[in-house]
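**Student:** Structure for this input, please:
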Amino acid sequence: MKVKLLGIIAGITSLILTSCSTTNAVSNSNTLLSNRSFAPESKFFTPGSNKLINKRAINVSPIEIKPEAQSLAVLNTIIDETNTVFSDLLLKEAETYLGTPYRYGGTTRRGIDCSAFVKNVFSSFNKDLPRVSADQAREGEKIATEDLKEGDLVFFATKGRGRVTHVGIVHGRDENGTLQFIHSSTSQGVTITPITDSYWGKRYLYGKRVL
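**Tutor:** Just a heads-up that it's a prediction; the model follows:
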């Protein structure tokens, strides 16, 4: 996984260098447009007539694209694409735990609890998270449920009183747009569950983005 990430980073560096050279080309073309002169008037046929009439030409100012604005747009695109690739790799790692049994306090593939599962997956990509779900809930930025995406964390209160006691990773949405999350469940081990599940839906608190 880490070797693949190095390749992705190298590709991003290449894209940034390419975008810099593209910016110069756009700047040069704008200069050519601004230096070009237009005829003060032109002749054309009026509809339904064979007569030529003179019309004064319209002066058109060239559209100027600032190099820094274009570079920022390219950079934002690269960041979005990089986050998408990273989330895909993160979920592929999470999926390798599917079927792993739940074990309270467990941290290995022989048995693992919800917070250790999340911590292990993120640690594979050098993202260190706290060991306990309640502490993990203090990380990152809170995101509205409808805006959650792959790789975000979702938190639940399984013991009431609004206190975080369970965590999972957003896995995506199904064909109906229902949010799915991958987590270590006490009854099923590591599995993928819809947020609307009769049990988990009532205990869902909020989602956060830590990437």
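**Student:** what about the nearest residue to Glu95 once chain neighbours are set aside, which SS state?
**Tutor:** The shortest distance from Glu95 to any non-neighbouring residue, by Cβ to Cβ, 6 or more residues apart in numbering, is to Ile182 (7.1 Å). C-beta: built from backbone N, CA, C; applies to glycine. When classified by DSSP: H, G, I helix; E, B strand; the rest coil, Ile182 comes out as strand.
**Student:** what's the neighbour count on Ile182?
**Tutor:** When neighbours are counted by other Cβ atoms under 10 Å, Ile182 registers 24.
**Student:** same check, this time on Val190
**Tutor:** For Val190, the neighbour count with other Cβ under 10 Å is 22.
**Student:** Correct me if wrong, but it is in a strand.
**Tutor:** Yes - judged by three-state DSSP, Val190 forms part of a strand.
**Student:** Verify the stated contact: it with Thr96.
**Tutor:** No - applying Cβ atoms under 8 Å, one finds Val190 not in contact with Thr96, separated by 9.3 Å.
**Student:** who does the helix or strand where Val170 lies touch, helix- and strand-wise?
**Tutor:** Here Val170 sits within strand 166-173, counting by DSSP states H and E. Judged by 3 or more Cβ pairs under 8 Å, 6 or more residues apart in numbering; DSSP states H and E, strand 166-173 is in contact with helix 67-95, helix 114-123, helix 133-136, strand 153-156, strand 179-185.
**Student:** per-residue pLDDT, Val170?
**Tutor:** With respect to pLDDT, Val170 scores 98.
**Student:** now Pro67
**Tutor:** Note on Pro67: pLDDT of 71.
**Student:** remind me which residues of this protein are low pLDDT?
**Tutor:** For the chain, the stretches with pLDDT under 70 are 1-66, 68-70, 72-76, 79-82.
**Student:** How is it partitioned into domains?
**Tutor:** Taking automatic domain parsing as the criterion, the chain consists of the domains 2-90, 99-209.
**Student:** Could you give the number of residues near Gly105?
**Tutor:** A count of neighbours around Gly105, defined by other Cβ under 10 Å, yields 9.
**Student:** And it, how close does it get to Thr145?
**Tutor:** 30 Å (Cβ to Cβ, to the nearest Å).
**Student:** Ok, Thr96 next?
**Tutor:** Here the criterion is Cβ to Cβ. By it, Thr96 lies 27 Å from Thr145.
**Student:** Also Ile192?
**Tutor:** Between Ile192 and Thr145 the computed distance is 17 Å (Cβ to Cβ).
**Student:** and these two? which has more neighbours close in?
**Tutor:** With neighbours defined as other Cβ under 10 Å, Ile192 and Thr145 compare such that Ile192 has more, 19 against 13.
**Student:** buried set for stretch 199-211?
**Tutor:** Across stretch 199-211, burial judged by 16 or more other Cβ atoms under 10 Å covers 200, 204-205, 207-209, 211.
**Student:** Restricting to C-alpha, output it in PDB.
**Tutor:** Listed next in PDB are the C-alpha coordinates belonging to stretch 199-211 (Å, rounded to 0.1, in the frame of the first residue of the first chain):
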ATOM      1  CA  TYR A 199     -30.200  -1.000  15.600                       C
ATOM      2  CA  TRP A 200     -27.400   1.400  14.500                       C
ATOM      3  CA  GLY A 201     -29.700   4.100  13.000                       C
ATOM      4  CA  LYS A 202     -31.200   4.800  16.400                       C
ATOM      5  CA  ARG A 203     -27.800   5.100  18.000                       C
ATOM      6  CA  TYR A 204     -26.000   7.200  15.300                       C
ATOM      7  CA  LEU A 205     -24.600  10.500  16.600                       C
ATOM      8  CA  TYR A 206     -22.600  12.300  13.900                       C
ATOM      9  CA  GLY A 207     -19.800  12.000  11.400                       C
ATOM     10  CA  LYS A 208     -16.300  13.600  11.200                       C
ATOM     11  CA  ARG A 209     -13.600  14.000   8.600                       C
ATOM     12  CA  VAL A 210     -10.000  13.300   9.800                       C
ATOM     13  CA  LEU A 211      -8.200  13.000   6.400                       C
END
